[in-house]
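Trainee: Give me the fold of what follows.
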Amino acid sequence: MSPLKITTRDATTGPVWEIIGELDYTTAPELLAQLPTLALQPGQRLVLDLTGMDFCDSSGISALIAARNHAHAEQADIALAAVPAHTLRVLRIVGLDQIFPLYPDSAAATG
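Mentor: Residues are numbered from 1 along each chain as shown. Below you'll find the predicted structure:
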């Protein structure tokens with residue numbers, strides 16, 4: 001089991017959160033707890049860089065949806081970057097690849 005680590009950096013388009021480790025039942029509350037502290041301006045884009053995400057279960061998917069809802073409530077956009085194959089498969093099966101813009105990496109998502 002990999003503990004969850006979320007690092008934040010700023011890009012010209014808005015904040016980039018790098019999700020490292022496992023986003024699952026035990027760690028998703030950590031991401032959810034950080035959402036209210038995320039200040040987004042209308043028109044910005046929150047990028048969730050999933051390069052270092054090892055695992056994502058249904059609780060993790062729910063946390064990603066919560067992040068999307070938070071961004072949209074702030075009149076901002078959201079994008080997922082470098083989605084691991086196993087998570088991408090789940091997103092496609094449940095149709096979430098249609099509501100999350102997907103990018104190969106964070107540079108493409110912030111460019």
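Trainee: residues touching the nearest residue to V94 once chain neighbours are set aside, list them.
Mentor: Once flanking residues are discounted, V94 sits nearest to I61: 7.5 Å by CB to CB, 6 or more residues apart in numbering. To be clear about C-beta, it is placed using only N, CA and C from the backbone, and glycine gets the same treatment. Shown in contact with I61 (CB atoms under 8 Å, 6 or more residues apart in numbering): 90-91, 94, 96.
Trainee: Pull out the buried residues from the residues you listed.
Mentor: By neighbour count, with 16 or more other CB atoms under 10 Å, the contacts of I61 hold 90-91, 96 as buried.
Trainee: With pLDDT, distance to P84 and secondary structure as extra columns, can I get these in a markdown table?
Mentor: A markdown table is the format used below for the buried ones among the contacts of I61 (pLDDT from 0 to 100; distance: CB to CB, whole Å; DSSP: H, G, I helix; E, B strand; the rest coil):
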| residue | pLDDT | distance to P84 | secondary structure |
| --- | --- | --- | --- |
| V90 | 95 | 10 | helix |
| L91 | 96 | 10 | helix |
| L96 | 97 | 14 | helix |
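Trainee: circling back to that earlier point, let me know the helix or strand that the residue nearest to V94 is in.
Mentor: Assigned by DSSP states H and E, I61 falls within helix 58-73.
Trainee: just checking, what packs against the next helix-or-strand element following that helix?
Mentor: Following helix 58-73 in sequence order, the next helix or strand is strand 77-81 (DSSP H and E). Judged by 3 or more CB pairs under 8 Å, 6 or more residues apart in numbering; DSSP states H and E, the packing partners of strand 77-81 are strand 45-49, helix 58-73, strand 102-103, helix 106-110.
Trainee: Out of the ones you listed, the one nearest P36 is which?
Mentor: Nearest to P36, of all the helices and strands packed on strand 77-81, is helix 58-73, at 7.9 Å by CB to CB.
Trainee: can you pull up the bridge partners for the residue most central in space within the chain?
Mentor: The residue lying closest to the centre of the chain (CA atoms, centre = their mean) is L48, at 3.3 Å. Residues in a beta bridge with L48, per DSSP bridges, are W17, L80.
Trainee: List the contacts of it.
Mentor: Counted by CB under 8 Å, 6+ apart, L48 has contacts 16-17, 19, 64, 67, 78-81.
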